Every structure is written in structure tokens, then in C-alpha cells.
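Enquirer: just coords:
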């Protein structure tokens, strides 16, 4: 059973702080990793994708991937109340397979 | 990003009736679409993979005779919940990858909230 785990929440950070979200996965052949943001009652929205080891930055978001450790993280700098949502880590099922396995999600609350 | 739409956004039906949900890719062609179900405070669970021109692939534990999937064109997949029961009440979301070799991203529709009374 391929699994994706995320740090349990809820995670609360003050406005302006850095929020750190973590994800580990069990399938060593996975090659594609994604972070989605899901507001309550809405569908997931893609915010980051990462395929290579290292860091990938996009605005206030930085994704970090370490395939040897089977670990992917998302850092949100200068957190805003509008970042309050559930963040889902998704890993492709197999070597460049299109199926995704989702983690359980981490709920983030940014306190004004 | 690519745009995926769903219709209806919410539906209420009586137990025993059938409900059809449509998923459309608006600005790209999708040979594959995915159908997920999400119960309150839970993560997304893949139900089935919809393939244009061929039969859908169902995940273990998902009844293919109950959840009928038809991928009739490169921009449209439908999910029909047959003989719906209250336990089928959930948030149903479809997604589609644009399918370019350089990207394996999936884009989600806005979801359909089904309530069976």
C-alpha cells in the first residue's frame, strides 16, 4: 500500500511567520510531487510542483525535495491569514504515472 | 493553469435515484480524467480513472456498477451514481492532467456536493 504522510495539524503560526509543512512518502519510484491548497468547501488548488532534488521557489512558497529521504516539504514565508487552509501533499503513483496518492492534509491557521 | 469545470456544483436527490455529474476540460484535451470522493475532514480518495474511448479503471472497493463512468470525448467525462443512498453523500471532484510530457500536474474541477436524502 503506497502511503503519503503529513505532519499532523492543526498548525498555527502568527501572521508574518514562516509556516513549515512536511510530507513523507513510501514509494521510492515516485518522481513527481505536488502541493495543493484546499479551502474549506472548495476543491484543491495546485500551488507547487517539484520533480528534482533541492529547492524550488515561487513567490512566498518554497518546495524542498529529498528523494533519498523520501521527503518533501513546503515553506510559506510571510504567512498571511489568507493562507489559512488545508495543504495536501500529492505524490505520483509510480514512475511518472498519472495517478496521485494524497496525504491526509495539514490544516494551517495563520493568526492575525 | 488548465481549467476544469464540473456540473452541477451541488445536488440533492432522494434515496434510490441516480445522479449524473459532468466533468469538462475547457482549454485542453484530456485523454484521462480522475474521479475523487472526499468525506468531511478527510483527504481525497481516488475512485476511478476515466479513459477516453475505453473502460474506466476502478480503485479497489469502488463498485463499478454503482458508479458508472463514461469518457465520451476528449473534453468530457461523466460519473453517474446509480441507486444513490445516504452513505453516498459526499464531495465528488474530478481532475485532469493537461498531458504534456513535461508536466504531470493535475487540475481539479470545483467539485460537486451530493446529498442523498
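Expert: Perfect, I can see it now. All of these numbers come straight from a predicted model, not from anything done at the bench.

Enquirer: any idea which helix or strand comes after the least confident helix or strand in chain A by mean pLDDT?
Expert: The weakest-scoring helix or strand in chain A, judged by mean pLDDT, DSSP states H and E, is strand A:100-102 (a mean of 88). Next helix or strand after strand A:100-102 toward the C-terminus (DSSP states H and E): strand A:106-111.

Enquirer: which of the residues in that next one are buried?
Expert: For strand A:106-111, the neighbour count (16 or more other CB atoms under 10 Å in any protein chain shown) marks A:106, A:107, A:108, A:110 as buried. Heads up, the C-betas are built off the backbone N, CA and C, glycines and all.

Enquirer: ok, the last one - contacts?
Expert: This points to residue A:110. Neighbouring residues of residue A:110 by CB atoms under 8 Å, 6 or more residues apart in numbering or on different chains: A:12, A:13, A:14, A:15, A:17, A:19, A:79, A:80, A:81, A:82, A:83, A:84.

Enquirer: in the least confident helix or strand of chain A, which residues are buried?
Expert: Buried residues in strand A:100-102 (16+ other CB under 10 Å): A:100, A:101, A:102.

Enquirer: mind listing the residues bridging to the first one?
Expert: Beta-bridge partners of residue A:100, counted by DSSP bridges, are residue A:92.

Enquirer: what do you get for residue B:69?
Expert: With DSSP bridges as the criterion, residue B:69 is bridged to residue B:79.
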